[in-house]
Structure formats: C-alpha cells, structure tokens
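Novice: just the structure for this:
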Amino acid sequence: MMTLLLWALSAGLVLLGFAGIVLPALPGTLLVWAGLLLAAWIDDFQRIGGWPLAAISVLAVIAWALDYVAGLMGARHLGASKQALIGAALGTVLGLFMGLVGVFFMPLVGAAVGEYLARRDQHDAAPQALKVGVATWVGMLVGMLAKFVLAFVMIGVAVAAYLW
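Specialist: The predicted structure follows:
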C-alpha cells in the first residue's frame, strides 16, 4: 500500500511539474526531477540508477537555466532597457493573479510598459516598446517550449532506464 502511495506521489510531482512549466509560481522542472528521483528511490535505485539520474539532473539544470535566459535573450536582442526587464518580471507576477491569459500575456505588457517608460522622451518610444514586449514574450514562449521538451526527455530517460 505504501509503495502505491509513493508511486502516486511521484506521478503527482511530475504532473505538478508540468503545470509549473507554465505557471511561474511553481518550479516546474524541479518538481519533475523530484518526481523522477522519488521513482528511482522507490525501488532502491535498482532500475533508475546513477547514470540515468545524472542525465536527468543535467537536463533539469539546463531547463532551470532556461527560465532565466530565454526571456532575457529575446529582450536583449532588441536592446531592451533595464525597465523593460523589470516590467516583464512584474508583468509575470501580476499575470499570476489573472489566470492563464495573464500568465501568457502580462510579461509582454510589462516589458512594453517598462520600455515605453524608459524611452518616453524619444519619438520612437511606442513602436520600440511594442517590439521589446513582443521579443520578450516570444523568448519566454520559446523557453517554455524548450522546458517542456526537456521535461519529456527527462521522463523518457527515466522510463527507458526503468524498462531496460
């Protein structure tokens, strides 16, 4: 009975991790990693041993780094200001209170508003703010997609190790 509960907890952590890839309040890939580590521990690391766990851990670290790099790369590509980056972060936090639409679109709005405030005295402030907002948003979406792919690869490594 206890083993069944542990497997359910492992699966629950992985599923919660997938939700966390979309919702910035949850550490998505960390939860996927924790669920897979629990799965390995359940059978005393007999099927999912050192090498698969090392590979899963490296993938989790890469996915964690993507959280910080993807949106910044999109914004920096267009020369975003510090205010745009702060605006994107604030937009992400505000988006949490607005549901799924807010989570997806408030970083764009925050980055655009931040960039506009930084450039409000320039004649091209509005178009540049919109470009920076969209670039930040696209960077975050690409990062989210990459984290999903890495999470699926992590699961694939664990399943392959478990089956062979």
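Novice: CA atoms for contacts and neighbours, from now on please.
Specialist: Will do.
Novice: nearest spatial neighbour of residue 157, skipping sequence neighbours?
Specialist: The shortest distance from residue 157 to any residue that is not its chain neighbour, by C-alpha to C-alpha, 6 or more residues apart in numbering, is 6.3 Å, and that residue is residue 52.
Novice: do I have it right that that neighbour meets residue 161?
Specialist: Yes. When contacts are counted by C-alpha atoms under 8 Å, residue 52 is listed as touching residue 161 (6.6 Å).
Novice: who are the contact partners of the residue nearest to residue 157?
Specialist: Residues touching residue 52, when contacts are defined by C-alpha atoms under 8 Å, 6 or more residues apart in numbering, comprise 157-158, 161.
Novice: just checking, next helix/strand downstream of the helix or strand hosting it?
Specialist: Residue 52 is part of helix 50-77, with elements assigned from DSSP states H and E. Sequence-wise, the next helix or strand downstream of helix 50-77 (DSSP H and E) is helix 82-96.
Novice: next, the buried residues of stretch 153-161.
Specialist: Using 16 or more other C-alpha atoms under 10 Å as the burial criterion, the residues of stretch 153-161 that qualify are 153-155, 157-158, 161.
Novice: now go through those residues and say which are in helices.
Specialist: With helices taken from DSSP state H, the overlap with the buried residues of stretch 153-161 comprises 153-155, 157-158, 161.
Novice: make CSV out of those and add pLDDT.
Specialist: Listed next are those as CSV, based on pLDDT from 0 to 100:
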residue, pLDDT
153, 97
154, 98
155, 97
157, 97
158, 97
161, 96
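Novice: give me the phi and psi for the residue of the chain lying at maximal distance from its centre.
Specialist: For the chain, the C-alpha lying farthest from the average C-alpha position belongs to residue 123; by C-alpha atoms, centre = their mean, that distance is 35.2 Å. Here is the backbone geometry of residue 123 (degrees, to the nearest 10): phi -70, psi -20.
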